[in-house]
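Novice: Just a sequence and a predicted model for now, questions to come.
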Amino acid sequence: MKRILSLLFLLLILPCAASAAQQEITLRISWWGGQTRHQAILSAIDAYEQAHPGVSIECEYGQFAPYYQRLVTQLRSDSAPDIMAIDYKWSNQLMGLRDAFVNIDTLSDILPLTDRQRSFAGVYGGGDDFLIGVPMGINAHCFMYNEDFFEAFGLFPDGLTTWEALMEAGARVNAQDSDRYLLCLTSDAMTYLVRTLLKQRAGCCLLTDAGEPGCTQQELADVFALVRALYDTHTLPPFEQCVLYENLSAPSNPLWLGERVGIFPAWTSAYPTLNALDPDFSIGFMRYPCPEDALDSGALVTPTLFFSISAASAHPREAADFLRYLLDVTSGGEAQSAFGAPLALMDAEGGLPGMLQKVTNIIHACMAADGLPENGPSLSVEVNALLKETLHRLGYGQDTPEEAAARFLSGLGDVR
């Protein structure tokens, strides 16, 4: 009788044990960023695991520089995390590995997007029939300026709406103090400057959608001539100084932190980190200068980043559920700074509660300017590297603007 009872007991508990085992889920997630983003995501993971005892989430995170190559290696070796951060600049190239990603549109019951949000995401995240990831926020590229620096030199954003006005002000600043300059450009910011100027002057991206040059050699030479003029007017520090800090963003750049420069091109998502470093450092935002006769504003608004789900994941819906939770908890309060402005700002007429008004204002201003989006071919890693190399030669005076334009267009044949 005891044996029968024991057998019945085992038959009763085995399904329960099997069910519990099935509920044990492990997800891997990777991302890059600064301490603000790391802390927000880690806190969200901790809270999510407490609310979902059967789920554990393993983290892989670090700096931006090595992330892309490691991610590509993981994708090609079928060892990618369940959830992975994707920069908008990479999505076109990663679409060549499209089968490695879940189409986020198939998870719209868990990760719903409004029509406007889906349209925005599709510009940089795949297209109408496939979405490589869910956009985690909105970012605008603009001029961030030191308000105290502007006050000291009698400068006003409204007086710097053209490139000529910017250079006139830059010359005055350096004439008053030879150790200070109006503008600072990192290596990445210099490439954004070229792309912006080209849109304003020629109304196009560097490359067409088919991967052909988007402009003439003369149009590109004119853009490089303006870049050269920024150095010649002392609006920018000498290239030999700039290059020392060309890979240091504002939170770690001595020229910006030492108040030797007044303007630093940056993404709006950089503000929370800078504010955390020194809340008394007064920062404002303004759009890039834009001539009245410009063919395009050049204003750039993009997703802060995408989070994609691996097609090899054994738990895509659970991964999507965590992303839904992460979106919710980083859409307000201190955690909002992890991904810039929340997607809800796209559908909001004014600001959002708890969001810094000056960030709201500049994002709305850039969205209203309706600049031409960057296309995939223009954003390729190889094209960006070629542009940086060309700008180095221009900065060092090894090439004239005309020679730089010819060199860049010739080099495109090797990278396309």
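Specialist: Okay, I see it.
Novice: show me where this protein has strands.
Specialist: Under the criterion DSSP state E, the chain contains strands at 25-32, 55-62, 83-86, 134-135, 138-146, 181-183, 261-267, 283-286, 300-303, 306-309.
Novice: Please state the backbone phi and psi of the residue nearest to residue 306 when sequence neighbours are not counted?
Specialist: Excluding its sequence neighbours, the residue lying closest to residue 306 (CB to CB, 6 or more residues apart in numbering) is residue 133, at 3.0 Å. Heads up, the C-betas are built off the backbone N, CA and C, glycines and all. Main-chain torsions, residue 133, degrees, to the nearest 10: phi -170, psi 170.
Novice: who touches residue 133 in this structure?
Specialist: Neighbouring residues of residue 133 by CB atoms under 8 Å, 6 or more residues apart in numbering: 86, 91, 101, 104, 125, 306-309.
Novice: in the stretch 151-300 of the chain, which ranges drop under the pLDDT threshold?
Specialist: In the predicted model, the stretch 151-300 of the chain carries no residue with pLDDT under 70.
Novice: In it, mark out all the helices, start to finish.
Specialist: 163-176, 187-202, 217-232, 239-242, 254-257, 271-277 (DSSP state H, counting those that start in this stretch).
Novice: in the first one, what counts as buried?
Specialist: Residues 163, 166-167, 169-170, 172-174 are the ones in helix 163-176 that count as buried (16 or more other CB atoms under 10 Å).
Novice: which strands and helices sit next to it?
Specialist: Packed against helix 163-176 by the contact rule (3 or more CB pairs under 8 Å, 6 or more residues apart in numbering; DSSP states H and E) you find strand 181-183, helix 217-232.
Novice: quick one, domains of the protein?
Specialist: Domain segmentation of the chain under automatic domain parsing yields 25-137+304-347, 140-301+372-415.
Novice: Make sure residue 225 is actually in contact with residue 404.
Specialist: No. In terms of CB atoms under 8 Å, residue 225 does not count as a neighbour of residue 404; the distance is 9.3 Å.
Novice: The two: who's more crowded?
Specialist: Neighbours per residue (other CB atoms under 10 Å) separate residue 225 from residue 404, with residue 404 holding more: 26 against 17.
Novice: The more buried one touches residue 392, doesn't it?
Specialist: No. Counting by CB under 8 Å, residue 404 stays clear of residue 392, with 9.8 Å between them.
Novice: For residue 339, give me its contacts.
Specialist: Listed by CB under 8 Å, 6+ apart, the contact set of residue 339 reads 37, 136-137, 269, 304-305, 330.
Novice: try residue 206
Specialist: 194-195, 198, 213-215, 377-378, 383, 387.
Novice: go again using 10 Å as the cut-off
Specialist: Contacts for residue 206 were tallied using CB atoms under 10 Å, 6 or more residues apart in numbering; they are 191, 194-195, 198-199, 213-215, 220, 223, 374-375, 377-380, 383-384, 386-387, 408-409, 412.
Novice: Going through those residues, which ones are buried?
Specialist: Buried by 16+ other CB under 10 Å: 191, 194-195, 198-199, 213-215, 220, 223, 374-375, 377-380, 383-384, 386-387, 408-409, 412, out of the contacts of residue 206.
Novice: thought residue 24 was touching residue 314?
Specialist: No. Using CB atoms under 10 Å as the test, residue 24 is too far from residue 314 to be in contact (11.6 Å).
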